[in-house]
Structure formats: C-alpha cells, structure tokens
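Engineer: Using only what follows, build the 3D model:
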Amino acid sequence: MTTKIALLQPIAGEMADIIQSLLPEGFTASAVKGRSVEDLKAEVADATYALWWDVPVPAEVLAAGPKLKLVHKWGVGIDNIDLDYCRAHGIKVARTTGSNAAPVADFTIGLMLALARRIVPAHNSTAAGGWAKNEVWKQSIMVSGKTVGIIGLGAIGKGVAKRLQGFDCRVLYYSRTQLPAEQEKALGVEYRTLDALLPEVDILSLNCPLTPETAKMIDARAFAKMKRGALLINVARGGVVVEADLVAALKDGTLRGAAVDVFDQEPPPADHPLLHMDNVIVTPHCASTAYENSRRSIQHWLGNMMRVEKGEAIPEQDRVVD
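Structural biologist: Okay, the predicted model is just below:
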C-alpha cells in the first residue's frame with residue numbers, strides 16, 4: 001500500500017527526478033499533465049497529500065480528493081486555494097515559509113538592475129547587430145544611491161533590504177506590522193505609511209502577499225502619488241497591481257519602467273500590453289525558481305507531509321489551516 005502525493009501542476013522531467021529521489025519509502029508522487037480543473041480533480045482522486053503552487057485550487061478540486069489530509073503550497077502565497085473549504089472539511093494547509101526567500105530577493109535585485117540600466121534592450125539590440133550604446137546611456141539610471149520603497153517586509157522583503165545595503169540606497173518600507181526599532185536599524189530601513197512612502201521612492205518593490213488588504217493596492221491613484229519616472233518591480237502577485245492602470249502609467253511617462261514577474265492571468269494572453277512595451281521586463285513567475293534551491297524547498301514540504309503522516313504538528317510558521 002503506497003501513499004500518493006499529487007503534484008497539481010505540470011513539472012519538468014529534471015524536477016520530477018529530484019522529487020522521486022527524495023521521496024520516503026512507501027510514498028509515490030505524480031504530476032498532472034495539464035492545468036485544467038478536470039486534470040486536477042483526476043489527480044487528487046486517490047491522493048492523501050497534494051502540492052500546489054501557481055495553478056488555482058478551487059473547492060471542486062478539493063472535493064474530488066476524499067482522502068486528502070494536507071494540501072501544501074510550494075511557496076508562501078495562499079491566495080489561490082479555497083481555504084474556507086479546507087477548514088470546513090478538515091484538510092490541513094501549509095506553506096514553505098522562507099524556503100524561496102533568497103532566490104526571490106536575488107531576482108528582485110536583478111530586475112532592479114536590469115530595468116534601471118536597460119540591460120534587456122541593450123542585449124536585444126546588440127544581438128540583432130545594432131550598437132545602441134548612446135540610446136542605452138540616455139535611458140539608463142543607477143540603482144546606487146536611490147530611495148527604494150519595499151511593500152511587504154517578510155522574509156523576502158527583508159532579503160531585498162539587506163541586499164540593497166550594498167548599493168547605498170535609502171530604504172523605506174510599508175508593511176502590515178512595523179518592525180521594532182532595533183530591527184529597523186539592523187536592516188537599515190525606515191517605516192512609512194503607504195501614502196507617505198509612494199512620493200519618496202525612485203524604485204518601488206512589491207514583495208507582499210495578495211490579501212484583501214493588498215488587492216489592487218497599486219492603482220492609478222497610487223501611481224499619481226509617485227515621482228514621475230519611478231520604476232516598479234512586481235514579484236508579489238498580479239492582483240496587487242491594477243494592470244490597466246500600470247499600462248497607462250507606463251505609456252504616459254508616470255513610470256519610467258516596470259519589471260513584472262506575475263500577472264492577473266498566468267500565463268498572460270499573447271496580446272497583453274505589458275508583453276509588448278519597450279520599457280517593461282516580463283518574466284514567467286519564476287522569481288523563486290532557482291534550480292539549486294529546489295532540493296532544499298522539496299525537503300521542506302516533504303518534511304511537513306511526513307509530520308502529518310506521523311501525527312506531529314506542522315511548525316507554526318508554515319501552518320495555515322490546522
């Protein structure tokens with residue numbers, strides 16, 4: 001008798017091999033081949049545990065898994081699963097708190113540098129046979145010495161703040177909870193309300209979860225408060241930003257540029273305006289997907305599944321629904 005873990009998203013063969021190599025004895029893992037609700041329902045039908053990350057997990061998928069004990073997020077965002085259904089039906093929910101913080105913080109800084117210094121257009125022009133050195137010069141700004149605003153100062157936001165210390169940046173932050181003064185000093189950050197933060201920053205980095213409080217937080221009103229020519233980095237969730245307002249702000253020069261790793265709809269439609277703008281960098285929700293971090297994060301969620309299997313408690317920082 002084996003215990004099945006359902007992976008609710010198609011995965012690459014190399015990743016499947018890593019997961020298989022780490023599975024405890026008596027456990028199997030299989031991944032869906034497609035992203036539809038029907039694909040997910042079929043996969044959870046005989047599963048005791050399930051793993052999800054980007055693909056939404058609605059109530060009808062959860063209802064199709066009568067044996068489910070735990071549904072685990074590979075990451076930290078829990079906006080795309082029906083938590084009320086899990087609570088009502090005794091399904092535990094957990095997440096891999098902190099396991100992706102370092103790669104996401106690295107990626108955030110990489111996007112800041114690439115956007116500010118116009119690295120992607122410079123590459124594209126040179127690879128196409130051009131030599132747009134003068135154009136890149138005229139459009140580039142430095143990250144060093146800038147005022148950076150971070151929205152969300154959890155593990156990822158703190159990682160971004162630590163990395164920015166090497167760029168002599170002034171770092172402001174807005175978060176649901178203000179840190180104690182000694183922690184602010186150690187990180188080199190200053191707290192602001194959202195309305196006070198927006199007008200001060202040259203670069204705005206979104207590193208918060210999607211919640212009722214943060215949904216559509218960055219809209220036309222927010223852009224109007226910002227410095228003209230500021231940069232936006234969104235590695236949080238697409239729903240934190242009103243995409244139509246972002247497009248308008250990029251077109252009229254309110255924003256100099258934006259780097260977007262997350263979208264309202266993923267993958268975005270081929271005609272999405274953000275995919276076709278010269279002052280935008282777009283990536284496929286991959287801030288957390290550093291290959292060398294994979295084994296560590298797999299061991300994290302497998303560890304929590306093993307705790308449930310043994311009747312042990314999931315660590316408090318990972319526990320969402322118990």
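
Engineer: does K33 sit in a helix or strand, and which one?
Structural biologist: Using DSSP states H and E, K33 sits in no helix or strand.

Engineer: Burial check on E184, number of neighbours?
Structural biologist: Using other CB atoms under 10 Å, E184 has 17 neighbouring residues. To be clear about C-beta, it is placed using only N, CA and C from the backbone, and glycine gets the same treatment.

Engineer: Surely it is in contact with T177?
Structural biologist: No: under the criterion of CB atoms under 8 Å, E184 makes no contact with T177, lying 11.9 Å away.

Engineer: Now E213: closest residue in space, sequence neighbours ignored.
Structural biologist: In this structure, E213 finds its nearest non-sequential neighbour in R176, 7.1 Å apart by CB to CB, 6 or more residues apart in numbering.

Engineer: Equivalent analysis for L206, please.
Structural biologist: Nearest one to L206, counting by CB to CB, 6+ apart, is A236 at 4.1 Å.

Engineer: Just give the number of residues close to the one you found.
Structural biologist: Counted with other CB under 10 Å, residues neighbouring A236 total 27.

Engineer: quick one: contacts for it?
Structural biologist: For A236, the contacting residues are 151-152, 206-210, 214, 262, by CB atoms under 8 Å, 6 or more residues apart in numbering.

Engineer: which one among these gets closest to L250?
Structural biologist: Using CB to CB, L206 is the member of these that lies nearest L250, at 15.2 Å.

Engineer: In the protein, what residue spans correspond to helices?
Structural biologist: Using DSSP state H, the helices of the chain run over 13-22, 37-44, 59-63, 83-88, 101-116, 119-127, 133-139, 155-164, 181-187, 194-197, 220-225, 243-251, 294-309.

Engineer: Which of these sits closest to W53?
Structural biologist: helix 294-309 (10.0 Å).

Engineer: Which of the helices and strands in the chain ranks last by mean pLDDT?
Structural biologist: In the chain, no helix or strand scores lower on mean pLDDT, DSSP states H and E than helix 13-22, which sits at a mean of 93.

Engineer: Just want the angle from it to helix 294-309.
Structural biologist: 50 degrees (axes from the mean of the first three to the mean of the last three CA atoms, to 10 degrees).

Engineer: Go ahead and confirm the residue nearest to E213 touches M217.
Structural biologist: No: between R176 and M217 there is no contact under CB under 8 Å: 11.6 Å.

Engineer: Can you pick out the residue with more neighbours from these two?
Structural biologist: More crowded of R176 and M217, by other CB under 10 Å: M217, with 20 against 12.

Engineer: Any idea how many residues pack against the nearest residue to that one once chain neighbours are set aside?
Structural biologist: Excluding the flanking residues, the one nearest M217 by CB to CB, 6+ apart is V240, at 5.5 Å. Neighbourhood size, V240 [other CB under 10 Å]: 24.

Engineer: Check A161 too.
Structural biologist: Residues near A161, counting by other CB under 10 Å, number 24.

Engineer: do V262 as well
Structural biologist: With other CB under 10 Å as criterion, V262 counts 24.

Engineer: ok, the residue lying closest to it once chain neighbours are set aside - contacts?
Structural biologist: Nearest residue to V262, sequence neighbours excluded (CB to CB, 6+ apart): G238, at 4.5 Å. For G238, the contacting residues are 260, 262-266, by CB under 8 Å, 6+ apart.

Engineer: Let's see that with 10 Å instead.
Structural biologist: G238 is in contact with 210, 246, 260-266, 268, 274, 285, counting by CB atoms under 10 Å, 6 or more residues apart in numbering.

Engineer: With H285 instead?
Structural biologist: By CB under 10 Å, 6+ apart, the contact list for H285 reads 53-54, 75, 235, 237-238, 260-263, 266-267.

Engineer: before we move on, the earlier item: list the residues that contact both of R176 and M217?
Structural biologist: Shared contacts of R176 and M217 (CB under 10 Å, 6+ apart): 208, 211.

Engineer: Report the buried members of the contacts of G238.
Structural biologist: Neighbour-count burial (16 or more other CB atoms under 10 Å) applied to the contacts of G238 gives 210, 246, 260-263, 268, 274, 285.

Engineer: Now, these that are in strands?
Structural biologist: V260 (DSSP state E).

Engineer: Just send the buried ones among the contacts of G238 back as a markdown table, with pLDDT too.
Structural biologist: Listed next are the buried ones among the contacts of G238 as a markdown table, based on pLDDT from 0 to 100:
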| residue | pLDDT |
| --- | --- |
| L210 | 92 |
| L246 | 98 |
| V260 | 98 |
| D261 | 98 |
| V262 | 97 |
| F263 | 97 |
| P268 | 96 |
| L274 | 98 |
| H285 | 94 |
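
Engineer: from memory V148 sits against R170, does it?
Structural biologist: Yes: in this structure, V148 is within contact of R170 by CB atoms under 10 Å, at 7.3 Å.
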